[in-house]
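**Q** structure for this input, please:
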Amino acid sequence: MAHALDTAPASPALLRNSDLDRPEVRQARVDLAACFRMAAKLGLQEGICNHFSFVVPGRDDLMLVNPYGHAFAEVTASNLVICDFEGRVVAGHGVPEATAFYIHARLHLKHPRAKAAFHTHMPNATALAMLEGPPLVWAGQTALKFYGRTLVDEDYNGLALDEREGDRIAAALGDADIVFMKNHGVMVVGPTIAEAWDDLYYLERAAEVQRLAMTTGRALKPVPQAVAEATYAQMREGDRESARLHLESIKRQLMKEQPDFAD
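**A** Predicted coordinates for the structure are as follows:
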């Protein structure tokens, strides 16, 4: 199902002008690799088909992304590739998966606020994206973290193997942070790796408990709108710091269990 990107070689000028070994770039590599590994541990990946990307710190024309052919469990800080928005790899071995490039490059280009973009076919959120109507019902406390932040892309159009489909998906994002891509999966964007990871994790947890409740055959009990709005506001206070601490906890766990993620 995955496709290699037919990429052109990087221009010497781009390579000469790139400072890709700075500490903040190294930290971004480690943080992003940690997200891949924990996503694999939690079963949020699908073969070699899903992708996370992050705009390189200090270089708004470049992105870090997982290399084609690697499962999430195989990603390390050093084997992430850096490519520009024309598909030229400027650091690392290999190329991005084709749909990763066409979706993520166009999304980062069209939405500068989306520094991190995480796309998965994680099972519970994707299951809700396969249903008619709104995917999330505001019936669980965890779901309220996303109140007013989601959008549904109803127009599934096959694999994103060209810029037109990438642009269509980017346009569908609008001002949302989370897109349920009907018949496909989900996209989560954020200003930092930690915030994108935090949203991805809790989105799948919210979808999981909703799906479990739906299996009872009983009607869901939505939270009243005023309470939903107030709870959302409560959750957003300190959300960035909570996300940072969440990612730090993941790295501590991985350093005990899979320390090679930081290699």
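
**Q** just say helix, strand or coil for the residue lying farthest from the centre of the chain.
**A** Each residue of the chain has a distance to the centre, and by CA atoms, centre = their mean the biggest one is for residue 218: 32.3 Å. Classification of residue 218 using DSSP: H, G, I helix; E, B strand; the rest coil returns coil.

**Q** show the pLDDT at it.
**A** Note for residue 218: predicted pLDDT of 98.

**Q** and it, backbone torsions?
**A** Main-chain torsions, residue 218, degrees, to the nearest 10: phi -90, psi 160.

**Q** just checking, residue 207 touches residue 120?
**A** No. Between residue 207 and residue 120 there is no contact under CB atoms under 8 Å: 11.3 Å. From N, CA and C alone the C-beta is placed, and that goes for glycine too.

**Q** about what we covered before: ok, now which ones touch the residue farthest from the centre of the chain?
**A** Applying CB atoms under 8 Å, 6 or more residues apart in numbering, we find residue 218 in contact with no residue.

**Q** and it, how close does it get to residue 205?
**A** Distance of residue 218 to residue 205, computed by CB to CB, to the nearest Å: 20 Å.

**Q** what distance separates the helix or strand encompassing residue 200 from the centre of its chain?
**A** Here residue 200, judged by DSSP states H and E, is contained in helix 193-214. Relative to the chain's own centre, helix 193-214 is displaced by 12 Å; criterion: CA atoms, centre = their mean, to the nearest Å.

**Q** mean confidence for it?
**A** 98.

**Q** same question for the helix or strand that comes right after that helix, mean pLDDT?
**A** Once the chain leaves helix 193-214, the next helix or strand it forms, by DSSP H and E, is helix 225-236. Averaged across helix 225-236, pLDDT comes to 96.
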